[in-house]
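Enquirer: I'd like to go over a predicted model; first the sequence, then the structure.
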Amino acid sequence: MTKNKNYYAILMAGGVGSRFWPVSTEMFPKQFHDMLGTGETLIQKTFSRLSKLIPEENIFILTNEKYNDLVFEQLPGVTKRQVVLEPAMRNTAPCILYASLKIQKENPDAIMIVAPSDHWIENEDAFTQNVQQAFDFCETNDALMTLGIQPTFPNTGYGYIEFDKDDDNAIKNVNQFREKPDYETAKTFLSQGNFLWNAGVFMWSVTSVVKAFQNKQECLYQLFEKGIDVYNTDFEDDFVRDNYGKAENISIDYAIMEKSNNVFVLPATFDWNDLGTWGSLYDKIDAGKKDNAIINARTLVEDASGNMIRTQSNKIVVVEGLNDYIIVDKDEVLLIFPKEKEQDIKQIRQKVKEAFGDKYI
């Protein structure tokens, strides 16, 4: 199949994934792990999914410079041109603007998707169809688009997108973005029927997104626009190293999406999981023995259910009398932690760092 040479992707792969500690660490974060035991890491799976529609050479990987070697190890077919390195962590807006200006200089007709590298999508054909539908819209409209996920329960861990109830089109006008709600508010969102989970997947023409930055983030735009002459040249690295750290630490949602009036959402037709926590991983694995989700382990379980059990080398794990726990063994760290408190793993990781040093986080 011939792919459209104007189609591009920005694959976001710079996060640390601290809630997946101790498997995900600062030097080897979750997107570079085979979290579900499928034989492919999350970044490999995402790259493969995007390449169904987008020419492989037009998929740019945005990541921190310390993950440069990991990218080339896991995606050996990509070139140096495709790997966009951040010398400092500055959230999603600066790196998306930087990559967009590089792409615009290379191809001013580009239509692009921004996609995280750590999401799990089972129906990849439906994903491809949704992205194609969004691309078709963005080719003929000045639009900032996002994919919204149909909520299946009142989740308090996601932001929500409220769309126009009276809009009968497949692609909806966005009324507003809503922050992560409490449980009662989330139940209200679901009952209203015009709220979707914000998956952080965006589509637009390079012209539309650069114009949005010009209008809504003038200082940020001016900072990166100064490098136009050197982007895609041998002098780019020096400019970025000198200037990237000056960028405001701001997300793409706050920077342009929530401030713009040309924002649209397409309700997605595929199953989605952001794999943000051990609990979300538990939900995606076929929980066999007494509802225990098991990866890379041989288990003997008695009077134990609802546990997430993961080792790294087919270790024998015996569990009795333990319910709804996260049990993860990696190198010198063994984590045994209640699933209901999984949001606290980020803090526990910090305590381990203070007590035992950086080596373990």
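Expert: Alright, I've got the coordinates. Nothing here was measured: the structure is a model prediction, and the numbers come from that model.

Enquirer: Tell me how this protein divides into domains.
Expert: 7-273, 278-360 (automatic domain parsing).

Enquirer: end to end, how far does the longest one reach?
Expert: Same thing as domain 7-273. Chord length of domain 7-273, first to last residue, is 25 Å (CA to CA, to the nearest Å).

Enquirer: Over to the last one?
Expert: Start-to-end span of domain 278-360 (CA to CA) is 18 Å.

Enquirer: hang on, the earlier thing: how about the domains of the chain in JSON lines, adding mean neighbour count and mean pLDDT?
Expert: Every C-beta, even on glycine, is put in place using the N, C-alpha and C of the backbone. Formatted as JSON lines, the domains of the chain follow (neighbours: other CB atoms under 10 Å; pLDDT from 0 to 100):
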{"stretch": "domain 7-273", "mean neighbour count": "18", "mean pLDDT": "94"}
{"stretch": "domain 278-360", "mean neighbour count": "16", "mean pLDDT": "91"}
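
Enquirer: helices or strands up against the top strand by length along the chain?
Expert: In the chain, with assignment by DSSP state E, the single longest strand is strand 308-320. Using 3 or more CB pairs under 8 Å, 6 or more residues apart in numbering; DSSP states H and E, the elements in contact with strand 308-320 are helix 278-284, strand 293-302, strand 325-330.

Enquirer: Which of those sits closest to L11?
Expert: helix 278-284 (20.1 Å; CB to CB).

Enquirer: Please tell me how far G39 sits from N296.
Expert: G39 sits 12 Å away from N296, going by CB to CB, to the nearest Å.

Enquirer: cool, and E302?
Expert: Relative to N296, and taking CB to CB, E302 is found at 21 Å.

Enquirer: Repeat that for T233.
Expert: Per CB to CB, T233 is found 45 Å from N296.

Enquirer: So F47, which state does it fall into?
Expert: Using DSSP: H, G, I helix; E, B strand; the rest coil, the structure places F47 in helix.

Enquirer: Surely it and A13 touch.
Expert: No: the pair F47 / A13 is not scored as a contact, 9.3 Å apart, by CB atoms under 8 Å.

Enquirer: Mutual contacts of these two, please.
Expert: I61, S117 (CB atoms under 8 Å, 6 or more residues apart in numbering).

Enquirer: where exactly do the strands run in the stretch 101-250 of the chain?
Expert: Ranges of strands within the stretch 101-250 of the chain are 111-116, 120-121, 144-149, 160-163, 172-178, 195-205, based on DSSP state E, counting those that start in this stretch.

Enquirer: Are there helices or strands packed against the shortest one, and which ones?
Expert: Right, the one you point to is strand 120-121. Counting contacts by 3+ CB pairs under 8 Å, 6+ apart, strand 120-121 is packed against helix 42-50, strand 272-273.

Enquirer: Likewise for the first one?
Expert: Packing partners of strand 111-116 (3+ CB pairs under 8 Å, 6+ apart): strand 7-12, helix 42-50, helix 92-106, helix 124-140, strand 195-205, helix 206-216.

Enquirer: Nearest to S313, out of those?
Expert: S313 lies closest to helix 42-50 among the helices and strands packed on strand 111-116, at 20.0 Å (CB to CB).

Enquirer: From the contact counts, what lies against that closest one?
Expert: strand 7-12, strand 59-64, helix 68-74, strand 111-116, strand 120-121, helix 124-140.

Enquirer: any chance of these in CSV, plus distance to D286?
Expert: Listed next are those as CSV, based on distance: least, CB to CB, whole Å:
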stretch, distance to D286
strand 7-12, 28
strand 59-64, 30
helix 68-74, 25
strand 111-116, 24
strand 120-121, 14
helix 124-140, 19
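
Enquirer: which stretch among those comes nearest D358?
Expert: The closest of the helices and strands packed on helix 42-50 to D358 is strand 59-64. By CB to CB, the value is 15.9 Å.

Enquirer: Neighbouring strands - and their directions - for the closest one?
Expert: Paired neighbours of strand 59-64 in the sheet (DSSP bridges): strand 7-12 (parallel), strand 83-86 (parallel).

Enquirer: who's in contact with the first one?
Expert: Okay, so that is strand 7-12. Under CB under 8 Å, 6+ apart, the answer for strand 7-12 is 43, 46-47, 50, 53-55, 58-62, 84, 92, 95-96, 99-100, 103, 107, 110-117, 135, 206.

Enquirer: Tell me the gap between it and the middle of its chain.
Expert: Put simply, strand 7-12 sits 12 Å off its chain's centre (CA atoms, centre = their mean, to the nearest Å).

Enquirer: For F224, find the nearest of the helices and strands packed on helix 42-50.
Expert: Closest of these to F224 is strand 59-64, at 13.5 Å (criterion: CB to CB).

Enquirer: so the closest one versus strand 111-116, what angle?
Expert: 40 degrees (axes from the mean of the first three to the mean of the last three CA atoms, to 10 degrees).

Enquirer: Go ahead and name everything in contact with strand 59-64.
Expert: Contacts of strand 59-64 (CB under 8 Å, 6+ apart): 8-14, 43, 47, 50-51, 71, 75, 78, 82-86, 89, 95-96, 99, 102-103, 117.
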